[in-house]
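1. Please find the sequence and the predicted model below.
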Amino acid sequence: MECLNCRSLTAALAAAAVLTVVACSTQQTGSSPERLAPEAKALRLYVFDCGTLKADPARFRLKKEEVATTDLSVPCFLVVHPQGRLIWDAGAVPDADWTPTSAAVAHHVVLPDSSERDLTLRKPLMTQLAEVGYSPADITYLALSHYHYDHTANANAFAGATWLVRQVERDAMFAEKPTGVTQPSSYSALKNSKAVIIESNEHDVFGDGTVVIKFAPGHTPGHQVLYVKLPKTGGVVLSGDLYHFPEARTLKRVTTFDFNQEQTPATREAIEAFLTNTGAQLWIQHDYIGNTRLRKAPDYYE
């Protein structure tokens, strides 16, 4: 004769197993409203591939035979600190414009001054961000090296974060007539964002000297670079557009469209001195060959 108590026990165990599976599934997909972003006990730096841009070396006062490649990388970065998270630069193509038609989707960008650019993008930024466990709502701070279109594409997605910006740069971004290599629609939401206006040459983001925004004007009025002091990798400076090609660094060529042609060399000299004094590496963000050697998310530097 079958044991009724055994049947009841079996049914209860089965129900508990189903609930466990559902709970685990909810945690993995992040569908629960209580989902928490992963915390880091030590500083981490994630590198996202935000595209590859086709460039004309002449705009950078370089000849084709002087550069190893005419491609420029477009990276974005996530700094994860025990006290918060910082997005540095937001790519060249808004995620909304990306379509998964191939491994590398080609985009033709037309800027307000009618100039045109071509680039490829393999994966949207928000997808890459989600793969390491974060969403825009998890981001504490947004900082842009500068206002050019290839650094601001997804800035609107982070309008809920605190924007770290210099007044001179903010004024230029929201001027009645922005410069030609901007895409104001990509950062329009920042106009009403909470902002910290940086007034000093160095801004210590978390107050412990590990993540520092340094004033580096010339390319734009409020151009800046980011110093990250990682516990294992050591110091790294993310260049913004201090240089575009490594050859521009060795040959001392100044980009034709820099806001202040005289200021750029002085800024470079100051940053080079900082690199010497600290032993930090310089990661030239647009250096295509150098960028291919960097570990990409979901891997990270620590």
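-> On my side now, so go ahead.
2. secondary structure class for P112?
-> coil (DSSP: H, G, I helix; E, B strand; the rest coil).
3. Would you check that L125 makes contact with G51?
-> No: the pair L125 / G51 is not scored as a contact, 9.4 Å apart, by CB atoms under 8 Å. C-betas here are computed from N, CA, C, even on glycine.
4. anything in contact with each of the two?
-> Taking CB atoms under 8 Å, 6 or more residues apart in numbering as the criterion, L125 and G51 both touch G91.
5. what residue ranges in the stretch 151-300 of the chain score low on pLDDT?
-> Of all residues in the stretch 151-300 of the chain, none has pLDDT under 70.
6. can you map out the helices along this protein?
-> 4-29, 125-131, 167-173, 246-251, 263-278, 288-292 (DSSP state H).
7. From start to finish, how long is stretch 59-66 in a straight line?
-> 13 Å (CA to CA, to the nearest Å).
8. which residues does the most centrally placed residue in the chain form a beta bridge with?
-> For the chain, the residue nearest the mean C-alpha position is C76 (2.5 Å; CA atoms, centre = their mean). Per DSSP bridges, residues listed as beta-bridge partners of C76: F48.
9. With Y301 instead?
-> On the basis of DSSP bridges, Y301 is bridged to L45.
10. ok, how many other residues are close to the residue nearest to T182 when sequence neighbours are not counted?
-> Counting by CB to CB, 6 or more residues apart in numbering, T182 lies nearest to Y147, which is 5.4 Å off, once chain neighbours are set aside. The number of residues packed near Y147 is 26, by other CB atoms under 10 Å.
11. Kindly report the same for D171.
-> D171 has 12 neighbours, counted by other CB under 10 Å.
12. Quick check, pLDDT for H108.
-> pLDDT for H108: 81.
13. my guess is it contacts S115, does it?
-> No: under the criterion of CB under 8 Å, H108 makes no contact with S115, lying 11.6 Å away.
14. Look at these two and report which has more neighbours.
-> S115 (12 against 8).
15. quick one: that one from Q281, how far?
-> 33 Å (CB to CB, to the nearest Å).
16. now swap in Q263 and tell me
-> Q263 is 24 Å from Q281, by CB to CB.
17. likewise A153?
-> Counting by CB to CB - A153 and Q281 are separated by 26 Å.
18. Give the residue from these two that has the larger number of neighbours.
-> Comparing A153 with Q281 by other CB under 10 Å, the one with more neighbours is A153, at 30 against 14.
19. The more buried one contacts D89, doesn't it?
-> No: between A153 and D89 no contact is recorded; they are 9.3 Å apart, counting by CB under 8 Å.
20. shared neighbours, the two?
-> With CB under 8 Å, 6+ apart as the test, A153 and D89 both reach C50.
21. before we move on, back to that, for the residue nearest to the centre of the chain, give me its contacts.
-> C76 sits next to F48, C50, I87, W88, D89, A90, G91, L125, N154 when contact means CB under 8 Å, 6+ apart.
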